[in-house]
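Peer 1: take a look and give me a structure for this.
(chains A and B)
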Amino acid sequence: MPADAGQRARFADREGFLAWAFLLPTIVYLTALVLAPFGLTVAFAFSRSTSEAPSYRFGGLRAFREIFGDHVFWRSLLDTLALTGVAIAAVVILGTVVANVLLADFRFRRTVRALVLLPWTTPVALSAISWRWLLGSPGSPVDRLLLHGDSPLARTPSAAVAVAAVQVWRLTPLAAVIVMAGLTSIPRGVWDAALLDGAGFWRRLLGVTIPLTLPVTAVAALVTAAVTFADMGVVRVLTGGGPRDSTQVLPVLAYLRGVEGGDIGTGAATALFLFPLFVAGVFVVLRVMRRGS
Amino acid sequence: MNGLAARTAAREMDRQRRLATLQHVLLRATVYAGAVITALICAAPFLWGLVSAFADGSSPTTEHVRFLFHSTPFATFVLNTLIVGGLVVAVTLALALPAAYALSRLNRAWGTRVAVAILIVSLVPSPLLFLSLSRVVATLGMADSIWSLVLVYPTVTVPVSVWLLAGFLRAVPVDIEEQAMVDGHSRLGAFVRVVAPSILPGVAAVVVLTFTLAAGEFTYALTFVWSGARMPVSTGLAARLGDGDPMLWRSVQSGAVFVALPLALACGLFLDRFVAALASGSQTD
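Peer 2: Residues are numbered from 1 along each chain as shown, chains lettered A, B, ... in the order given. Sure, this is the predicted structure:
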């Protein structure tokens, strides 16, 4: 007996050590390349650093004064918020529809599943190139539909609609996979019980499906938001922010100011306005986790 | 009288059966229509890309594809992406496997808090980091080289992989691991001999996902690598389109399809696994 207890104690000690040894590399890596750079971005937002003179020089609120006086910044802020909102709503609804389609049983299921994954697995810049070609090239189906008028990417409301549509197209499969997980984890018994009670389609939808898949739907919405407001690829490749900055978003503007324009301070200050969106995302994560446990 | 009732009942049953058949046919038709429409919308830009890359007017041609491989650095871009993707997969597994094991098996009081912190880190948007990280990359002498991407991409792939792998590990019964330890294997031996083989399909799924994320990343690739032949395919193809030559556009379309199809097929193979991992994650946490 004592031998057994001693072994167990040694084992427990080793587990504590092992847990740390196994987690430490990941924690160190993520601290060095996510947390520390984030702190540096905050510091850069209050600096006069440029790419010619990248060493840190404190600049107070200089960068913020500059971006507040820039109408493109306000335009980008609004566009980023609107785009994220539209994407969440459309992706959650379409993702639920696609999830149900993918869970249904039919022939050529594998082929359809691979095709449905295309928008999400293809590098964003490449699918944006393909969409630009489909929407803007002479002789394309869209061009013929519009009777060879201007490309929808060169006009004002349609360019913004195209950016939102491509973003929704790209993220719907990801949301569908997440919702599929939620639907498959509903225990079969719950359905049968609802059926036995004589619950109709709407009653089952509102009383069983929606409440049980709500956490997973929240996760789908969160992932959609996080990817949409951080994305540079669609706007940069599809419209370049145009026509006349009408589709500009914060990440691309931060790149234009901070990298192409060489003003690191202004670029960092611009990017910092994505932080509230990130905090909102963290809030949702913590709410979902608490509800789950 | 009795005969009439029986006949009415038979007719009623017949009607019901026909109704059920009709309902069934309608439901199947809806499913198929939904599947076809979804697949078409998802593949639309690539279908048009294929048509315009291989058809010249009405006659088929391979001219644009030959142009892509001979006169553009497409093959170099793809090679760069393969190297970056392969190395990122290796780094990601080296970091995420032990971390996932610690979180799912070595029950610590702080385990859940660390897991949530890792999840939150994965939500930090890359635009908040790329300006600082480009300073870090420059300081380390990795500017304008694919090594910068190998260094930075695991910030995107490690958190996701830790979560998925922890889900797969939780699905392996602890008993079989304990049995192996009772049989005289060390904890490490039990992991290598018993646990690792049973999560191998899950690891394969994580490998495919990590590679797909690395191949698709845009922000860091755009910021850190600017010389033509050093770019990965995600930024390289877009950068070649500056002059708007329609010939080049057609070639680039075929390039996009060559990259898109293998990634979608590989991820399609593991779709059920991703769904299972997500489902188990949503239940246990």
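Peer 1: nearest the middle, which residue of chain B would you pick?
Peer 2: Nearest residue to the geometric centre of chain B (C-alpha atoms, centre = their mean): B:Leu209, 3.6 Å.
Peer 1: next one: the host helix or strand of that one to chain centre, how far?
Peer 2: Following DSSP states H and E, one finds B:Leu209 within helix B:196-216. Relative to its chain's centre, helix B:196-216 lies at 9 Å (C-alpha atoms, centre = their mean, to the nearest Å).
Peer 1: any buried residues in it, and which?
Peer 2: Residues B:199, B:202-203, B:205-216 are the ones in helix B:196-216 that count as buried (16 or more other C-beta atoms under 10 Å in any protein chain shown). C-beta coordinates here come from the backbone N, C-alpha and C atoms, glycine included.
Peer 1: swap in stretch B:73-88?
Peer 2: B:73-74, B:76-78, B:80-81, B:84-85, B:87-88.
Peer 1: filter those down to just the ones in strands.
Peer 2: Per DSSP state E, strands hold no members of the buried residues of stretch B:73-88.
Peer 1: show me which of these neighbour chain A.
Peer 2: Filtering those for neighbours of chain A using C-beta under 8 Å from any C-beta of the partner chain leaves an empty set.
Peer 1: what is the nearest of those to chain A?
Peer 2: When the buried residues of stretch B:73-88 are ranked by distance to chain A (C-beta to the nearest C-beta), B:Thr81 comes first, at 8.4 Å.
Peer 1: how about the contacts made by the closest one?
Peer 2: By C-beta atoms under 8 Å, 6 or more residues apart in numbering or on different chains, B:Thr81 lies in contact with B:214-215, B:232-234, B:259.
Peer 1: let's see 10 Å
Peer 2: A:123, B:146, B:149, B:211, B:214-217, B:221, B:231-236, B:259 (C-beta atoms under 10 Å, 6 or more residues apart in numbering or on different chains).
Peer 1: count of neighbours near residue 193?
Peer 2: Unless you meant another one, I'm taking chain A. 12 (other C-beta atoms under 10 Å in any protein chain shown).
Peer 1: oops, chain B please
Peer 2: Neighbourhood size, B:Arg193 [other C-beta under 10 Å]: 13.
Peer 1: show me the shaky parts of the chain.
Peer 2: I went with chain A, as the question did not name one. Residue ranges of chain A with pLDDT under 70: A:1-14, A:147-148, A:292-293.
Peer 1: oops, wrong one, chain B.
Peer 2: B:1, B:57, B:108, B:241-246, B:281-285.
Peer 1: domain map for it?
Peer 2: Using automatic domain parsing, the domain parsing of chain B gives B:2-61, B:72-284.
Peer 1: which residue ranges form the helices in chain B?
Peer 2: B:2-54, B:63-71, B:74-104, B:111-121, B:130-139, B:146-152, B:154-170, B:174-182, B:187-190, B:196-216, B:219-224, B:233-239, B:246-269, B:271-284 (DSSP state H).
Peer 1: so B:Thr223 makes contact with B:Leu131?
Peer 2: Yes: B:Thr223 lies in contact with B:Leu131 (C-beta atoms under 10 Å); the separation is 7.9 Å.
Peer 1: ok, those two, which is more surrounded?
Peer 2: B:Leu131 (28 against 24).
Peer 1: distance of that one from A:Phe73?
Peer 2: According to C-beta to C-beta, to the nearest Å, B:Leu131 and A:Phe73 sit 16 Å apart.
Peer 1: next: A:Arg132.
Peer 2: Here A:Arg132 is placed at a distance of 25 Å from A:Phe73 (C-beta to C-beta).
Peer 1: then A:Pro25?
Peer 2: For A:Pro25, the distance to A:Phe73 - C-beta to C-beta - is 39 Å.
Peer 1: the two: who's more crowded?
Peer 2: A:Phe73 (23 against 15).
Peer 1: the more buried one: what's it in contact with?
Peer 2: A:64, A:66-67, A:245, A:248, A:250, A:253-254, A:257, A:266, A:269-270, A:273.
Peer 1: tell me which element it is part of?
Peer 2: Assigned by DSSP H and E, A:Phe73 falls in helix A:71-103.
Peer 1: and A:Leu30, by the same measure?
Peer 2: Counting by DSSP H and E, the element that carries A:Leu30 is helix A:2-30.
Peer 1: for the following helix or strand past that helix, buried residues please.
Peer 2: Using DSSP H and E, the helix or strand that follows helix A:2-30 in sequence is helix A:36-45. For helix A:36-45, a neighbour-count test (16+ other C-beta under 10 Å) marks A:37-38, A:40-42, A:44-45 as buried.
Peer 1: so which elements touch helix A:36-45?
Peer 2: Judged by 3 or more C-beta pairs under 10 Å, 6 or more residues apart in numbering or on different chains; DSSP states H and E, the packing partners of helix A:36-45 are helix A:62-68, helix A:264-272, helix A:275-292, helix B:130-139.
Peer 1: can I have that helix written out in CSV, keeping just the CAs?
Peer 2: Coordinates of each C-alpha in helix A:36-45 appear next as CSV, following Å, rounded to 0.1, in the frame of the first residue of the first chain:
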residue,chain,number,x,y,z
ALA,A,36,3.9,41.7,-27.3
PRO,A,37,3.3,42.9,-30.9
PHE,A,38,-0.2,44.0,-29.8
GLY,A,39,1.4,46.2,-27.1
LEU,A,40,3.9,47.5,-29.7
THR,A,41,1.0,48.5,-32.0
VAL,A,42,-0.6,50.4,-29.2
ALA,A,43,2.7,52.2,-28.5
PHE,A,44,3.1,52.9,-32.3
ALA,A,45,-0.3,54.6,-32.4
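Peer 1: what angle separates that helix from helix A:264-272?
Peer 2: Per axes from the mean of the first three to the mean of the last three C-alpha atoms, to 10 degrees, the angle that helix A:36-45 makes with helix A:264-272 is 120 degrees.
Peer 1: just how off-centre is helix A:36-45 within its chain?
Peer 2: How far helix A:36-45 lies from its chain's middle: 22 Å, per C-alpha atoms, centre = their mean.
Peer 1: sec struct for the residue most central in space within chain A, please.
Peer 2: The residue lying closest to the centre of chain A (C-alpha atoms, centre = their mean) is A:Val227, at 1.5 Å. A:Val227 carries the three-state label helix when classified by DSSP: H, G, I helix; E, B strand; the rest coil.
Peer 1: any idea which element the nearest residue to it once chain neighbours are set aside lies in?
Peer 2: Leaving aside its sequence neighbours, A:Val227 sits nearest to A:Leu171 (C-beta to C-beta, 6 or more residues apart in numbering or on different chains; 6.0 Å). Element membership of A:Leu171 [criterion: DSSP H and E] is helix A:156-184.
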